[in-house]
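Participant: Dropping a prediction and its sequence here:
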Amino acid sequence: MKLLVTGGAGYIGGVVVRLLVDAGHDVTVLDDLSTGHADAVPAGVALHQISVHEVASVLTPDAGFDGVLHFAAKIAAGESVQFPERHYYTNVVGSLALLDAVRAAKVPRLVFSSTAAVYGNPQEVPITEDAVKAPTNPYGWTKLSVDAAIGAECTAHGLGAVSLRYFNVAGAYLPESGAPLGERHDPETHLIPIALDVAAGKRDKLQLFGDDYPTADGTCVRDYIHVADLAAAHLLALDAIEPGRHRVYNLGNGNGFSNQQVVEVVRAVTGHPVPVEMAARRPGDPAELVASSARAASELGWVPERPDLHTIVADAWTFYRSRA
Ligand SMILES: NC(=O)c1ccc[n+]([C@@H]2O[C@H](COP(=O)([O-])OP(=O)(O)OC[C@H]3O[C@@H](n4cnc5c(N)ncnc54)[C@H](O)[C@@H]3O)[C@@H](O)[C@H]2O)c1
Ligand SMILES: O=c1ccn([C@@H]2O[C@H](COP(=O)(O)OP(=O)(O)O[C@H]3O[C@H](CO)[C@@H](O)[C@H](O)[C@H]3O)[C@@H](O)[C@H]2O)c(=O)[nH]1
């Protein structure tokens, strides 16, 4: 298929691009490189360095795209509380521009990067796709809005789409040949890469944001999914798309780890101390996000191959050291 990947120079999009190329697809990347890296885009893949708001200049009716995978977004939930306008402009206005271009060009397939953040504080864990949606931060609201817009687009205009609701993506893609791909955000906001910075001595300590949540040790609980497993689901989703239908899948391992437990795993994997300082809660954080991915397993045949958090952190650490 001829595929457009927005955000294809980013952490997750970069891995998906690699898998799509390996599977024989003809891939074009659109990325403004605001948080992505041009060197994540493989040789031979065209990179259009423009904003998703300008997508119609690439996704023209005669370009012949068979599908779009839409990763481009602002991703940090904490930032979205401080600067909601950035998240609404990129995630909502940008996605609406994409839907306009998809409709005008009659592109039949769309895969969208949604998030666990649409659920907010769940009434039950693990969280199924039908659970109440009550985001606790603007980021989650932007993604929920786009999920709704995509669903309406499918009903009204026959688009076939899948929203993949990722839980916390971590680890690195370490192929037998070719460059490894991992998280390279600057500034970094995610727990595991920051903890690796501390283990490597690049930061003095890790601040843990809140120890008074209603969880076993008081710190937030998250479900970590390996980026290679997550990326594989996108190829399954592309194949499952049907005209006029919007399907939604959670992608996680179904295992919750508290922030304290994550730090323990980072200490064990790296063999280095990770000094921790308790700090105030980060506004907008839900207490616990743990996925039920039963629907992705049964309908897509998705089976994560690297579910163990030690493996996930070890791969992130291998990538980290490859760049040191
Ligand atoms: N990382 C996670 O744990 C996680 C979890 C749930 C959902 N997601 C979603 O997955 C997607 C990818 O996340 P990621 O972790 O790879 O983040 P990332 O920041 O590494 O990738 C985002 C990419 O989009 C590009 N981009 C941002 N704004 C753009 C714009 N206006 N126009 C064009 N390109 C733009 C960036 O340059 C970057 O390459 C996002 O939609 C995010 O919301 C991520
Ligand atoms: O220096 C840090 C960084 C993070 N945390 C905590 O670690 C947990 C995880 O935070 P983070 O790694 O920033 O991920 P999330 O805020 O859970 O969000 C990620 O995972 C979501 C899905 O669950 C995605 O939607 C988001 O895009 C993605 O950034 C939270 O309790 C944070 O408060 C700390 O205590 N100290």
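Facilitator: In hand now; what should we look at? Numbering: from 1, shown residues only. Ligands and ions are numbered 1, 2, ... in the order given.
Participant: When you work out contacts or count neighbours from here on, use the C-alpha atoms and nothing else.
Facilitator: Will do.
Participant: Quickly note the distance from Val118 to ligand 1.
Facilitator: When distance is defined by Cα to the nearest ligand atom, to the nearest Å, Val118 is 10 Å away from ligand 1.
Participant: Report pLDDT for that residue.
Facilitator: Listed pLDDT for Val118 reads 98.
Participant: Now do the contacts for it.
Facilitator: Counting by Cα atoms under 8 Å, 6 or more residues apart in numbering, Val118 touches 133-135, 140-141, 143-144.
Participant: Surely Thr189 is in contact with Ala76?
Facilitator: Yes: between Thr189 and Ala76 a contact is recorded at 7.1 Å, counting by Cα atoms under 8 Å.
Participant: which strands and helices sit next to the top helix by length along the chain?
Facilitator: Ranked by residue count and defined by DSSP state H, the top helix of the chain is helix 138-157. On a contact count with 3 or more Cα pairs under 8 Å, 6 or more residues apart in numbering; DSSP states H and E, helix 138-157 meets helix 77-82, helix 84-87, helix 94-104, strand 109-115, strand 160-166, strand 246-251.
Participant: what about the last one and ligand 1, any contact?
Facilitator: No: interface with ligand 1: strand 246-251 contributes nothing (Cα under 6 Å from any ligand atom), its closest point being 9.1 Å away.
Participant: who does the very next helix or strand once past that strand pair up with?
Facilitator: Scanning forward in sequence from strand 246-251 by DSSP states H and E, the next helix or strand is strand 257-258. If you go by DSSP bridges, strand 257-258 pairs up with strand 221-222 (antiparallel).
Participant: hang on, the earlier thing: between the helices and strands packed on helix 138-157, which gets nearest to Gln49?
Facilitator: Counting by Cα to Cα, Gln49 lies closest to helix 94-104 out of those; the figure is 14.7 Å.
Participant: So what touches that closest one?
Facilitator: By Cα under 8 Å, 6+ apart, helix 94-104 touches 52-56, 59-61, 108, 146, 149-150, 153, 157, 159.
Participant: Keep only those of those residues that are also close to ligand 1.
Facilitator: Residues of those in contact with ligand 1 (Cα under 6 Å from any ligand atom): Val52.
Participant: Between all of the contacts of helix 94-104, which two are separated the most?
Facilitator: Across the contacts of helix 94-104, the longest distance by Cα to Cα is 22.6 Å; it joins Pro61 and Val146.
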